[in-house]
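> What shape does this take:
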Amino acid sequence: MQQGLYKVLLNEALTQNVFKMILSGDTKAIKGPGQFINIKLEGFFLRRPISICDYDEKTITIIYKVVGAGTLFMSKLTSGYELDCLVGLGNGYDTTSCKQKALVIGGGVGVPPLFALSKKLISEGKSVDVILGFNTENEVFYEREFKELGCCVKITTVDGSYGIKGFVTNAIDCSYDYFYTCGPEPMLKAVYGATNTSGEFSLEERMGCGFGACMGCSLQTKEGTKRVCKEGPVFKKEVLLWEK
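Below you'll find the predicted structure:
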């Protein structure tokens, strides 16, 4: 983990309430896809944890949804504004667990961390099938970007206005040897029940510190109490206390 100032290079709307922000700064603390940053916002007490969508040697891309005053504040930031960020938090996904073909499943703003994951899987010579779930057509984002990576992409919408009608589980009809997923908890539990291999889940939880000190994001697992911000946010299927 490292702390520093990161300059806003881009902050643009992808949909009515989903925004893409590119930050410039030191990225050495990022070890792999699935980690997150924790952003300090002027006038707000708690930092905002946001998953990393993509990164390189000099920039970090995040995608966030406006759901309250803090993210509304973020959506109004312009190029040149500097943000105090904690970078390289969490454990991230393990791409070595997938041997040949990965199934990647994202729902809503659970989609972003799966982009860097898919990029890495493809760079390792693995094939990637991606299922992205949204409520309706005007909420869909990053379909083109995943396709440009070389992924086979399916879109589901609850109302059937675009792609396959229904939920992400309605589109699981391919073979795979490992899966990765991120999204709202009801979706994750549905994926847990619908998959027949091992896999990894990125969980969301309210966080105080973001680096394991406050225990505010504790989760009970088969291996005891874990902190989503520290031992997570990614957990293997086998340790979760969910039932099919």
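
> mind checking the SS state of Q220?
Recorded secondary structure, Q220: strand (DSSP: H, G, I helix; E, B strand; the rest coil).

> Verify the contact between it and L241 for me.
Yes - counting by Cβ atoms under 8 Å, Q220 does reach L241; the two are 6.0 Å apart. For every residue, glycine as well, the C-beta is placed using N, CA and C.

> can I see the domain layout of this structure?
2-89, 95-202 (automatic domain parsing).

> Pick the most deeply packed of those.
Per residue and on average, the most neighbours among these fall to domain 95-202, with a mean of 19 (mean count of other Cβ atoms under 10 Å).

> Nearest residue to L117 in space, ignoring adjacent ones along the chain?
In this structure, L117 finds its nearest non-sequential neighbour in P33, 3.9 Å apart by Cβ to Cβ, 6 or more residues apart in numbering.

> Now do the same for that neighbour: helix, strand or coil?
Recorded secondary structure, P33: coil (three-state DSSP).

> Does it touch G92 like I think?
Yes - using Cβ under 8 Å, P33 is in contact with G92, at 5.8 Å.

> How much space separates the residue nearest to L117 from Q3?
Distance from P33 to Q3, counting by Cβ to Cβ, to the nearest Å: 21 Å.

> Then K58?
K58 is 17 Å from Q3, by Cβ to Cβ.

> go on, G163?
Separation of G163 from Q3 (Cβ to Cβ): 41 Å.

> what do you get for S24?
Plainly put, S24 is 16 Å away from Q3 if you go by Cβ to Cβ.

> Ok, S161 next?
According to Cβ to Cβ, S161 and Q3 sit 43 Å apart.

> bridging residues for T59?
S24 (DSSP bridges).

> ok, the residue of the chain positioned farthest from its centre - contacts?
In the chain, counting by Cα atoms, centre = their mean, G43 sits farthest out from the average C-alpha position, at 26.0 Å. Residues near G43 by Cβ atoms under 8 Å, 6 or more residues apart in numbering: F73.

> name the element it belongs to?
Assigned by DSSP states H and E, G43 belongs to neither a helix nor a strand.

> Relative to K230, how far out is it?
Separation of G43 from K230 (Cβ to Cβ): 27 Å.

> Just the helices from the protein, written as ranges.
Counting by DSSP state H, one finds helices in the chain at the ranges 69-75, 113-123, 143-149, 185-194.
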